[in-house]
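Student: what follows is a protein structure lacking sequence information:
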């Protein structure tokens, strides 16, 4: 499965178009991590636990988008966009969407 | 004496947190900037651009979407400073370095996840404030930046430094 965030797959031609596909996941971190993060918040710097969590969640959102695309019979997703929103206290939604196409 | 300490325990805690934030926070930030500078130098050969770029088809070996993200938190001292700044308004310099650091880190990680690529086109940056429960009083304590784009590998030697036609 080809994934790009430009309108084409470089070096390929789009032969069929299947419309929008999307994938999303809502994640919250557990208390231990939250506590460590609040300690780290005092001195600043990178919150590795959060980076990891959001990275994993985003990967899952992309996987879901890919699954939807392959269900439609597509072999590529172009023009992918990401969005992040906090839906509740301590939880974040990671959202990926794009256009499913078939390329040759 | 002990009574005096007991009376001002709140103030003393604040002072302690501010000093801790200032000393450790400044140290952490300086170290981060040094490492950013070093890694940026090393990755100068891989440009990341925001334009969509048309490479002639036969030159391309492959393309893939790559991304990198970083969550960076601000220290207690700077948050305290920003709260003061809120009263008078104006440039909040302490937060400027926060978002700057997280953006540069995210871009570096994106570049690092595309070894051998010639260029990253259509790069997008996204910033989100996260960790509401980790910082009270609705102060933004940490930001997440995501950088993503399409990495393009060429048929020619992947480390060639010849300028690309855009």
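Tutor: Here it is on my side, so go on. All figures in this text were calculated on a predicted structure; none of them were measured in a lab. Numbers count the residues shown, from 1 in each chain, chains lettered A, B, ... in the order given.
Student: gap between residue B:149 and residue A:10?
Tutor: 13 Å (Cβ to Cβ, to the nearest Å). C-beta here means a position set from N, CA and C on the backbone, and glycine is covered the same way.
Student: what about residue 37, helix or strand, and which?
Tutor: As the question left the chain open, I've gone with chain A. Assigning secondary structure by DSSP states H and E places residue A:37 in helix A:31-43.
Student: switch to chain B, please.
Tutor: Using DSSP H and E, residue B:37 falls in helix B:9-42.
Student: does the next helix-or-strand element following that helix come close to chain A?
Tutor: Later in the chain than helix B:9-42, the nearest helix or strand by DSSP H and E is strand B:60-75. Yes: Strand B:60-75 lies within reach of chain A by Cβ under 8 Å from any Cβ of the partner chain, at B:60-65, B:67, B:69-75.
Student: okay, the closest residue to residue B:101 other than its chain neighbours: pLDDT?
Tutor: Nearest non-adjacent residue to residue B:101, counting by Cβ to Cβ, 6 or more residues apart in numbering or on different chains: residue B:72, 5.3 Å away. Here the pLDDT value assigned to residue B:72 is 90.
Student: do residue B:166 as well
Tutor: 36.
Student: about what we covered before: residue B:149 and residue A:10 - which one has more neighbours?
Tutor: Neighbours per residue, other Cβ atoms under 10 Å in any protein chain shown: of residue B:149 and residue A:10, the larger number sits with residue B:149, 27 against 22.
Student: in space, what's closest to the more buried one - neighbours in sequence excluded?
Tutor: residue B:123 (3.6 Å).
Student: following element in sequence after the strand or helix carrying the one you found, please.
Tutor: Applying DSSP H and E as the criterion places residue B:123 in strand B:119-130. Using DSSP H and E, the helix or strand that directly follows strand B:119-130 along the chain is strand B:142-154.
Student: can you list the strands that that following strand pairs with?
Tutor: In the sheet, strand B:142-154 lines up against strand B:60-75 (antiparallel), strand B:119-130 (antiparallel) (DSSP bridges).
Student: just put those in a markdown table and tack on mean neighbour count.
Tutor: Shown next, in a markdown table, are the strands paired with strand B:142-154 (neighbours: other Cβ atoms under 10 Å in any protein chain shown):
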| stretch | mean neighbour count |
| --- | --- |
| strand B:60-75 | 23 |
| strand B:119-130 | 19 |
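Student: OK, contacts around the closest residue to residue B:53 other than its chain neighbours?
Tutor: Distances taken as Cβ to Cβ, 6+ apart put residue B:121 closest to residue B:53, at 4.5 Å, once the chain neighbours are dropped. Taking Cβ atoms under 8 Å, 6 or more residues apart in numbering or on different chains as the criterion, residue B:121 is in contact with A:6, B:49, B:51-53, B:149-150, B:152.
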